[in-house]
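Participant: What follows is a predicted protein model with its sequence.
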Amino acid sequence: MAMSVTQTYSPGAVQRGIKTLTCVWVSAADGSASAVLDPKIVGEIRNVKFIPSATAAPTASYDVTLLDAHGIDYLKGLGADQSATVAAMVHPRELDAVGSGPLLCHVPLTLTIAAAGDTKGGTVIITWR
């Protein structure tokens with residue numbers, strides 16, 4: 001099966017301005033999957049969730065990155081070594097270098113999955129405001 005990433009955007013509540021992008025991915029034979037995020041995330045990333053597939057679980061310790069055009073990982077390595085069976089979430093304070101402020105984004109990002117195994121899957125959910 002060919003690699004795929006299906007993206008679903010939800011603008012969320014107008015009053016709070018919370019937006020969500022759900023990316024359901026299936027890896028290629030080499031264990032990779034990638035896609036440029038659409039829409040572009042502009043604002044403060046609130047959290048990023050990693051959910052392995054219940055029916056085609058990825059290989060343990062698979063990696064998730066959110067890369068800009070220069071190869072800088074907006075997850076700062078916190079998407080590495082994800083569980084094949086347990087969902088996880090990264091919060092903005094973990095992503096901030098000093099642990100005290102928001103993680104602001106205004107550039108196109110590419111979701112990249114690595115070392116997931118042949119035709120494995122999962123979901124990455126990015127929430128921002």
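Facilitator: Okay, I see it.

Participant: What pairs with the longest strand belonging to the chain, parallel or antiparallel?
Facilitator: Across the chain, the longest stretch assigned as strand under DSSP state E is strand 43-52. Counting by DSSP bridges, the strands paired with strand 43-52 are strand 88-90 (antiparallel), strand 103-105 (antiparallel), strand 121-128 (antiparallel).

Participant: which residues are contacting that strand?
Facilitator: With contact meaning CB atoms under 8 Å, 6 or more residues apart in numbering, strand 43-52 is reached by 17-19, 58, 64, 66, 74-75, 79, 82-92, 95, 102-106, 121-129. Heads up, the C-betas are built off the backbone N, CA and C, glycines and all.

Participant: quick revisit: can you lay out the strands paired with strand 43-52 as JSON lines showing mean neighbour count and distance to L37?
Facilitator: Below are the strands paired with strand 43-52 laid out as JSON lines (neighbours: other CB atoms under 10 Å; distance: least, CB to CB, whole Å):
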{"stretch": "strand 88-90", "mean neighbour count": "15", "distance to L37": "16"}
{"stretch": "strand 103-105", "mean neighbour count": "18", "distance to L37": "10"}
{"stretch": "strand 121-128", "mean neighbour count": "21", "distance to L37": "7"}
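
Participant: Distance to P11 and mean pLDDT added to those, as CSV?
Facilitator: Converted to CSV, these look like this (distance: least, CB to CB, whole Å; pLDDT from 0 to 100):
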stretch, distance to P11, mean pLDDT
strand 88-90, 21, 95
strand 103-105, 17, 84
strand 121-128, 11, 96
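
Participant: buried residues in stretch 4-20?
Facilitator: For stretch 4-20, a neighbour-count test (16 or more other CB atoms under 10 Å) marks 5, 7, 19-20 as buried.

Participant: thinking again about what came up before, out of the strands paired with strand 43-52, which is closest to I113?
Facilitator: With CB to CB, the closest approach to I113 among the strands paired with strand 43-52 belongs to strand 121-128: 7.6 Å.

Participant: Right, I'll leave it there.
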